[in-house]
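Novice: give me the fold of what follows.
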Amino acid sequence: MSVKADKIGNCGIDCGGCPAYLATKENDSSKLVELAKQWSSDEMSFNAEEMVCDGCQGPRVFKWANECPHRICGVEKGHNTCADCEEYSCEKLESAWKMMSDKGEAAKKNLDALR
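Specialist: From the prediction side, this is the model:
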């Protein structure tokens with residue numbers, strides 16, 4: 001399996017397939033507006049500017065990524081992804097993968113390939 005490390009988020013999710021990442025790369029402001037509406041909830045709302053994302057390792061990240069515990073942990077430890085961590089795979093990461101369902105399985109495979 002060939003995985004591009006710069007397109008993989010800390011938890012293993014493929015940033016290259018994320019709608020916010022793709023809309024950012026395409027400079028599609030209408031798609032960012034649409035995504036902000038779709039991804040907003042009573043707990044957290046977003047506007048188009050907060051959807052701009054170059055991936056977890058990029059200079060600009062989707063607003064929620066700044067609160068993502070896996071990204072925060074990786075940044076604090078100086079790791080590009082959780083695959084670089086000596087504690088891989090931790091209970092927090094395993095729990096996140098379970099919540100992601102099928103996407104969690106794919107995320108784990110991505111990080112396993114990076115190791």
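
Novice: tell me where this structure has helices.
Specialist: Per DSSP state H, the chain carries helices over the ranges 19-25, 29-39, 48-51, 69-77, 91-100, 102-114.

Novice: between those helices, which one is nearest to residue 85?
Specialist: Set against residue 85 and scored by C-beta to C-beta, the helices of the chain come closest in helix 69-77, at 6.3 Å. Just so you know, the C-beta spots here come from the backbone N, C-alpha and C atoms, and that holds for glycine as well.

Novice: next, the buried residues of stretch 95-103.
Specialist: Using 16 or more other C-beta atoms under 10 Å as the test for burial, stretch 95-103 gives 96-97, 100.

Novice: any chance of the helices of the chain in CSV, with mean pLDDT and distance to residue 83 too?
Specialist: Supplementary listing: the helices of the chain in CSV, determined by pLDDT from 0 to 100; distance: least, C-beta to C-beta, whole Å:
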stretch, mean pLDDT, distance to residue 83
helix 19-25, 95, 19
helix 29-39, 96, 26
helix 48-51, 96, 26
helix 69-77, 90, 10
helix 91-100, 90, 10
helix 102-114, 92, 4
